[in-house]
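1. dropping the sequence and predicted coords here.
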Amino acid sequence: MACPQRHRCTLHQQIDGPGALTPWKNLYCDSGFERCVRYRLATIRSPVPADLLPDGRTARIGEAQV
């Protein structure tokens, strides 16, 4: 079952489609959403940081990756 929060999730909107982030979508959005940190925060109505990844890590948006 797909995540019921996907239509409100800013990360899902960014990873919806082909690309390097497809594994995130497969692991968390399309199934297994119960273990997604973003989903768990949303269900208790806590703010969900834009750079929060489903596994709880923070994305380094805009930083050079070596």
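-> In hand now; what should we look at?
2. how many neighbours does residue 56 have?
-> By the criterion of other Cβ atoms under 10 Å, residue 56 has 12 neighbours. Placement of C-beta: from N, CA and C, glycine included.
3. ok, it - contacts?
-> By Cβ atoms under 8 Å, 6 or more residues apart in numbering, the contact list for residue 56 reads residue 37.
4. tell me how many other residues surround residue 22.
-> 14.
5. not counting sequence-adjacent ones, nearest residue to it?
-> Using Cβ to Cβ, 6 or more residues apart in numbering and skipping the chain neighbours, the partner closest in space to residue 22 is residue 15 (7.0 Å).
6. tell me the pLDDT of the one you found.
-> Note for residue 15: predicted pLDDT of 70.
7. report how many residues lie close to it.
-> Residue 15 has 19 neighbouring residues, counting by other Cβ under 10 Å.
8. that one touches residue 21, doesn't it?
-> Yes - using Cβ atoms under 8 Å, residue 15 is in contact with residue 21, at 3.9 Å.
9. ok, the closest residue to residue 59 other than its chain neighbours to residue 60 distance?
-> Spatial nearest neighbour of residue 59, chain neighbours left out: residue 51 (4.5 Å); criterion: Cβ to Cβ, 6+ apart. Shown here: residue 51 relative to residue 60, a distance of 8 Å by Cβ to Cβ, to the nearest Å.
10. which of the two has more neighbours?
-> Higher neighbour count among residue 51 and residue 60: residue 51, with 13 against 9, using other Cβ under 10 Å.
11. how about the helices in this protein?
-> 10-15, 22-24, 37-43 (DSSP state H).
12. now render these as JSON lines, adding distance to residue 56.
-> Converted to JSON lines, the helices of the chain look like this (distance: least, Cβ to Cβ, whole Å):
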{"stretch": "helix 10-15", "distance to residue 56": "13"}
{"stretch": "helix 22-24", "distance to residue 56": "13"}
{"stretch": "helix 37-43", "distance to residue 56": "4"}
